[in-house]
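Novice: Compute the structure for the input listed below.
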Amino acid sequence: MPLLEREPCLATLHTALAEARTGSGRVVFVSGEAGIGKTSLIEQFTRDQHGARVWWGACDLLFTPRPLGPLRDIALQMRGDWHTRLDAESDRAALFSAFLNELQLDATIVVIEDVHWADEATLDLLKFVSRRIQRTRALLIVTYRDDELGPRHPLRTVLGETGASTAIRRLLLAPLSEKAVRTLVGHRALEAAALHRQTGGNPFFVTEILAGEAGRVPETVRDAVLARATRLSPSARAVLDAAAVIGGRIEPWLLAEVTGAEAYAVDQCLHVGMLVAHANWLMFRHELARQMILEAIAPHQRVVLHRLVLDALKASPITRTDDARLAHHAEAVGDAEAVLLYAPAAARRAAAASAHREAANLYALARRFATELPADQHALLLEAYAVECDAIGQQADSIAARRTAIELWRSLDNRLKVGENLAHLMTPLNRVGQN
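Specialist: Take a look at the predicted model:
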């Protein structure tokens, strides 16, 4: 897949390297969420950098991080006995100074990835080198996931203490725009706007879905989402599951009501980047992630959570009139009485606002439970549904609804209503060429 909308970032890296080649070294911190394309950007940049040494190191998500893990990776790419020196050297300052001396010898690009997982020694190395980089011919590129930095994350100290240096540059990689997603979709039978909404413009999610089987979320995406969720404590995972059931917009008070969780459990979800705060709400960073978490919840547990959400929404004066939302959770628990109470009310409200497609969908929801209704109420529901189907051009559904309504009125021997529906039936029949 081509690298889109990264030209300004590449230009910043090229400028930083040009300055470093003159003997005024630079540090570029590249941040962004998982899958945003940090590694792809740097690989593109380093691919054509002839005449400069390129050394790569990475931090790993280990239960016990390797001390100076990235430097150990880099040592394997350096000349000399650096690997032996790392094992033998007990004076950290001397080791850091020796590494800095190496950076003064020749034009060098040093890449250290995923420093949000760095051990303390690696963070000390970053501080040491960043403060002295201007005396070298090196460009140090450091990547990290900004969505995994809690307020007390140790990397924040490094960023704060080095931020005033004129040698430091910051790059925050933004999600792809809808235009870029449309370019990637090309001639595929996919709606670019819907894919952009689903993925939030995350390049990894977009490219994996495009490379996978149409209509299915690839296992690579599912695994990436669920792997991050496994790092949560049991109480935080319970919060995440409840948040997925609540929906795209999550009220903190509702989440607390449903889970009874302490604030720290919500904080965990924020700190690993699964949830983000937006104004007075919480949201999943990507709708796709919410869908993956929702699908991973056991069916019986999902029903329990929908019931808890429904009861909390009904009890609150803030949300008890949100009929469409109440109908959604009522459907999920199979509560026919609640669906038939809330869905038609929400449909009438939508129709009054000229939101006819939403109204038709809500009436269709009620229709699935309408066998619980007396025949006359069932028929009236079908009439309202037919009107909304007419408004959005769903003639076949309108015809089917009218015909069923006619049969119901006939069973009640209500000739007036039979005639009324026969008259209304002529309009959609004429539109589809049936007289």
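
Novice: Find the residue at the geometric middle of this structure.
Specialist: Nearest to the geometric centre of the chain sits His286, at 1.5 Å (C-alpha atoms, centre = their mean).

Novice: so what's Glu161 up against?
Specialist: By C-beta atoms under 8 Å, 6 or more residues apart in numbering, the residues touching Glu161 are Lys127. Glycine gets a C-beta too; all of them are placed from N, C-alpha and C.

Novice: Start at 27, not 1
Specialist: Yep, numbering from 27; the last one is Glu187 now.

Novice: follow-up on the earlier one: quick one: residues contacting the residue nearest to the centre of the chain.
Specialist: Gln224, Thr225, Gly226, Asn228, Phe231.

Novice: For Gly77, see how far away the third one is.
Specialist: Relative to Gly77, Gly226 is positioned 39 Å away (C-beta to C-beta, to the nearest Å).

Novice: ok, now the first one?
Specialist: To Gly77, Gln224 is 43 Å away according to C-beta to C-beta.

Novice: need the helices for the stretch 327-461 of the chain, in chain order.
Specialist: Taking DSSP state H, counting those that start in this stretch as the test, the helices found in the stretch 327-461 of the chain are 349-359, 362-378, 382-394, 401-417, 421-437, 441-457.

Novice: Export those as JSON lines, with columns for mean pLDDT and distance to Ile100.
Specialist: Putting these into JSON lines (pLDDT from 0 to 100; distance: least, C-beta to C-beta, whole Å) gives the following:
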{"stretch": "helix 349-359", "mean pLDDT": "95", "distance to Ile100": "52"}
{"stretch": "helix 362-378", "mean pLDDT": "95", "distance to Ile100": "60"}
{"stretch": "helix 382-394", "mean pLDDT": "95", "distance to Ile100": "57"}
{"stretch": "helix 401-417", "mean pLDDT": "96", "distance to Ile100": "65"}
{"stretch": "helix 421-437", "mean pLDDT": "95", "distance to Ile100": "64"}
{"stretch": "helix 441-457", "mean pLDDT": "93", "distance to Ile100": "71"}
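
Novice: Poorly predicted segments of this protein, please.
Specialist: Where the chain drops to pLDDT under 70, the residues are 27, 89, 240-241, 461.

Novice: how about the strands in it?
Specialist: 52-57, 79-84, 134-139, 164-170, 194-198, 301-304, 307-310 (DSSP state E).

Novice: May I have the strands that pair with the second one, each with its orientation?
Specialist: On the basis of DSSP bridges, the sheet neighbours of strand 79-84 come out as strand 134-139 (parallel).

Novice: quick one: Ile235 and Val247 touch, right?
Specialist: Yes - Ile235 lies in contact with Val247 (C-beta atoms under 8 Å); the separation is 6.9 Å.
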